[in-house]
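Q: below is the sequence, then the predicted model.
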Number of protein chains: 2
Amino acid sequence: MNMESFLSEDTKTALKNDPPGEWMPTLPDGCIRLSSGFPAPNLIPVEQLQAAVMRLLEEEKDLPLHYIGSPKMAKLKEQLQARLLRRGIRASEDELLITSGACQAIDLIARILVDNKTVVAVESPTYMEALEVFQNYTKHFISIPVDEYGLQTNKLEEILAERKRKGFPLPRILYTIPTFQNPTGTTMTMDRRKHVLELAAKYDFLIIEDDAYGELYFQTHSVPLKAMDNEGRVLHVGSLSKVVAPGMRIGWITATTEFITALAWFKKDLDHPFAQATMASFLERTDLEERLKTLRETYQEKCNVLLSALEQHMPKSVSWYVPEGGYFVWVKIVGVDTSEFLTQALDEGVSYIPGKHFFLNQQDGAEYLRLSFSYADQKEIVEGIQKLSKVIKLILS
Amino acid sequence: MNMESFLSEDTKTALKNDPPGEWMPTLPDGCIRLSSGFPAPNLIPVEQLQAAVMRLLEEEKDLPLHYIGSPKMAKLKEQLQARLLRRGIRASEDELLITSGACQAIDLIARILVDNKTVVAVESPTYMEALEVFQNYTKHFISIPVDEYGLQTNKLEEILAERKRKGFPLPRILYTIPTFQNPTGTTMTMDRRKHVLELAAKYDFLIIEDDAYGELYFQTHSVPLKAMDNEGRVLHVGSLSKVVAPGMRIGWITATTEFITALAWFKKDLDHPFAQATMASFLERTDLEERLKTLRETYQEKCNVLLSALEQHMPKSVSWYVPEGGYFVWVKIVGVDTSEFLTQALDEGVSYIPGKHFFLNQQDGAEYLRLSFSYADQKEIVEGIQKLSKVIKLILS
């Protein structure tokens, strides 16, 4: 029996574009994880979630354990609507779809919007898992460079104008993480935000705004693109993974009713009543503003610890962007291929992600690496950077 | 802005084939639910799941609340492997994929195997949600009739032979629920099971075996097709929704390593650590054999109550299959369109599902309706059948 002969055409293409495979080796025991975009373990509200389950099942009995029927499901939607409103996004019930995290959200969007002819514009570098998702549907991409002020919208405009002039197909979709971008940690300025929305209107494309980190600012909050979207061109993707717990798998999409209806139709894993109702029960008793304040302070401290350690230990040829929020610091080491010393770093006991994984053209990422300050504690961060510097100095010597 | 212009070609086709819409009106308060394929509320192990969460979070702390890292995730796989082995299915770790219920499992399978050219053979009638999923990918179907001994494999053979002779495209996939079929409650005989596997080999198609109800036999257990599959042609779909709780969303696919690898690649909602680890924690302390014994006895009693009530109250022209397990009784009323008295039944205070929803050609289902004995309690079942008989007698008079 020949499996290949049974696969759908799209699946054959997708597997050819990007065959399944691990891009990160298993981390050795005790390795300091500067690679993981996980929340800090001590910021996961374990006891509160435990209490939320207790209350939920005492209150609702079997209801959240059926396919449908828990009043808490509607409650969660209301809570997310209220949360979105604080960020300037007004979404009606029909303009909000709860998903299993941001990853399913992006996959669903790709599913309804992207086929093998669709051109997708992405930031360069960008979130690799999103890239993988889009690559399951198309091989037509345009990379738009990111600098310390986020997506370079003037470059985007140039590319669009040139493609139009030459009669090349224009992108129908731009995927962007405007705030505390993964992997660069950078944030799009307000001018660029306005510019990208103008370009979307002028060149008739949609924007997928991945806003997983938007709430985790250190000082200044950025206005989501969705909050400035008068035309319904922005599909806003959010998640509670970074602010509550990723294992609960609660994300969402906000978009026009038309898009939400189509997205919901293809979301065939149904809802997750137990997880969603537990989250609603948790949020009912949680002062999320207070919680976010703690998260912001803690992550800012950890970020500062990482930045100081970089200053102190890294050789002169190493540079980085200073983030204003989120989880990541993007590091550049001129003249080095960062994927070549990953094994040495792991042997030394510290992990990072080589920059190449965040680029369509992996060559472009050779000199970069992504560090995360979210998961490791302050002591580990310092130790991790010391270990990493040691390896880098050896490579550079 | 024109939403339609942004949709992928496949999505446009899918929405055209089968536009989103509700096929069941909202049930009035207090309505006796003979429509719902839900487990009995008193058989949902609410306290045990509550205790499972307590133990899990005390034992593993934040681990099941991250993306990955809970040892209980691997545990759940082992538990399901052991369970499958009792049903005669030997699946290695790489031959088993945990999904968010059977619905996501079927969608994932359709996604990798079905494109707009694929011919899919389905039972007639069949599970409407699966039909909807396949209709998102193709419009080419062959309906194979079901009788009281399950799928009519001789009819399948005739159709295959005729299509081959005429040079028509042959199906690449057969979707079947061999045991306690939804909606008919019927079970494929052993002879037919062997026959369908022979046909799969001869005509080179795959079988999606939906086995959601297989464990819920009253007296005699049936051997799953997957347990007799020497060629790797069967993709076996199972679920804990019917035997533990649907709200936990735990299902699975067992297939060859090659298929599982491809399926896992497209399963972009990641895993559900909290739900899966909770289930593992629950199963660790549950004698599932004992639990299944209780479920089987209880559902058999409820089924008997429903069958007696039908005997007692229904007019002579009403007939039904006697199921040997599962959740459903399939009822035929000659000369009547069952969708025409649904509103009256709901007004009377009882629900059912009109047969037409289970057929590709809805006309074929006009005289049928599906009753479920799983959710309502015994008293409600009797009352529900009395109410339904009253409506039917009125229609027939």
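A: Looks like it arrived, so ask away. Predicted, not measured: the structure shown is a model, and the values here were computed from it.

Q: when you scan the strand or helix carrying residue A:283, is anything in it near chain B?
A: Using DSSP states H and E, residue A:283 sits in helix A:273-284. Yes. Contact of helix A:273-284 with chain B (Cβ under 8 Å from any Cβ of the partner chain) involves A:273, A:274, A:275, A:277, A:278. Yep, even glycine has a C-beta here, placed from its N, CA and C like the rest.

Q: in this structure the first one contacts residue A:66, no?
A: Read it as residue A:273. Yes. If you go by Cβ atoms under 8 Å, residue A:273 and residue A:66 touch, sitting 6.7 Å apart.

Q: just want to know which of these two has more residues nearby.
A: residue A:273 (25 against 20; other Cβ atoms under 10 Å in any protein chain shown).

Q: for the nearest residue to the more buried one once chain neighbours are set aside, give me its contacts.
A: Once flanking residues are discounted, residue A:273 sits nearest to residue B:247: 3.8 Å by Cβ to Cβ, 6 or more residues apart in numbering or on different chains. By Cβ atoms under 8 Å, 6 or more residues apart in numbering or on different chains, residue B:247 lies in contact with A:64, A:65, A:66, A:67, A:70, A:272, A:273, A:274, A:277.

Q: give me the buried entries from these.
A: A:64, A:65, A:66, A:67, A:70, A:272, A:273, A:274, A:277 (16 or more other Cβ atoms under 10 Å in any protein chain shown).

Q: wait, doesn't the second one sit right on residue B:46?
A: Yes. When contacts are counted by Cβ under 8 Å, residue A:65 is listed as touching residue B:46 (6.6 Å).

Q: can I get the contacts of residue B:247 in CSV with pLDDT?
A: Putting the contacts of residue B:247 into CSV (pLDDT from 0 to 100) gives the following:
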residue, pLDDT
A:64, 97
A:65, 97
A:66, 95
A:67, 93
A:70, 95
A:272, 95
A:273, 96
A:274, 97
A:277, 98
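
Q: out of the residues you listed, the closest to residue A:391 would be?
A: Checking the contacts of residue B:247 against residue A:391 by Cβ to Cβ gives residue A:272 as the nearest, at 41.6 Å.

Q: which pLDDT value goes with residue A:13?
A: For residue A:13, the model assigns a pLDDT of 85.

Q: now it. Nearest residue, chain neighbours left out?
A: Per Cβ to Cβ, 6+ apart, closest to residue A:13 is residue A:116, 6.6 Å.

Q: contacting residues around stretch A:386-397?
A: A:32, A:34, A:309, A:313-315, A:317-318, A:333, A:335-336, A:340-341, A:344-345, A:348-350, A:352.

Q: what values do phi and psi take at residue A:370?
A: phi -110, psi 130 (degrees, to the nearest 10).

Q: so what's it bridging to?
A: residue A:330, residue A:353 (DSSP bridges).

Q: residues touching it, list them.
A: With Cβ under 8 Å, 6+ apart, residue A:370 has these contacts: A:35, A:182, A:183, A:328, A:329, A:330, A:331, A:352, A:353, A:355, A:358.

Q: measure it to chain B for me?
A: Here the criterion is Cβ to the nearest Cβ, to the nearest Å. By it, residue A:370 lies 16 Å from chain B.

Q: before we move on, what about residue A:320?
A: Counting by Cβ to the nearest Cβ, the gap from residue A:320 to chain B is 25 Å.

Q: and what of residue A:282?
A: 11 Å.

Q: sec struct for residue A:253, please.
A: strand (DSSP: H, G, I helix; E, B strand; the rest coil).

Q: do the one 5 residues further on as well
A: Per three-state DSSP, the local secondary structure of residue A:258 is helix.

Q: which secondary structure elements does the longest strand seen in chain A sit against?
A: The strand that spans the most residues within chain A, counting by DSSP state E, is strand A:140-147. Packing contacts for strand A:140-147, counted by 3 or more Cβ pairs under 8 Å, 6 or more residues apart in numbering or on different chains; DSSP states H and E, involve strand A:119-124, helix A:153-166.

Q: looking at those, which is buried most?
A: Counting by mean count of other Cβ atoms under 10 Å in any protein chain shown, strand A:119-124 has the highest mean neighbour count of the helices and strands packed on strand A:140-147, with a mean of 24.

Q: and that strand, which strands flank it?
A: In the sheet, strand A:119-124 lines up with strand A:140-147 (parallel), strand A:173-176 (parallel) (DSSP bridges).

Q: that one: what's the following helix or strand?
A: Criterion used, DSSP H and E; the element after strand A:119-124 is helix A:128-135.

Q: helices of the stretch 251-397 of chain A, start to end?
A: For the stretch 251-397 of chain A, applying DSSP state H, counting those that start in this stretch gives helices covering A:257-266, A:273-284, A:288-313, A:342-348, A:378-396.

Q: quickly note the distance from the residue nearest to residue A:273 to residue A:276.
A: 9 Å (Cβ to Cβ, to the nearest Å).

Q: repeat for residue A:26
A: From residue A:26 across to residue A:276, the span is 32 Å (Cβ to Cβ).

Q: again, but for residue A:161
A: Relative to residue A:276, and taking Cβ to Cβ, residue A:161 is found at 45 Å.

Q: show me what contacts residue A:27?
A: A:33, A:35, A:346, A:351.

Q: try 7 Å this time
A: A:33, A:346, A:351 (Cβ atoms under 7 Å, 6 or more residues apart in numbering or on different chains).

Q: would you confirm that the second one contacts residue A:30?
A: No. In terms of Cβ atoms under 7 Å, residue A:346 does not count as a neighbour of residue A:30; the distance is 10.9 Å.

Q: near residue A:138, how many residues? Count them for me, please.
A: 23.

Q: pretty sure it sits against residue A:116.
A: Yes. The pair residue A:138 / residue A:116 is scored as a contact, 5.6 Å apart, by Cβ under 7 Å.

Q: picking that back up, next, format the buried ones among the contacts of residue B:247 as CSV and append distance to residue B:84.
A: CSV is the format used below for the buried ones among the contacts of residue B:247 (distance: Cβ to Cβ, whole Å):
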residue, distance to residue B:84
A:64, 27
A:65, 23
A:66, 25
A:67, 24
A:70, 30
A:272, 24
A:273, 25
A:274, 23
A:277, 29
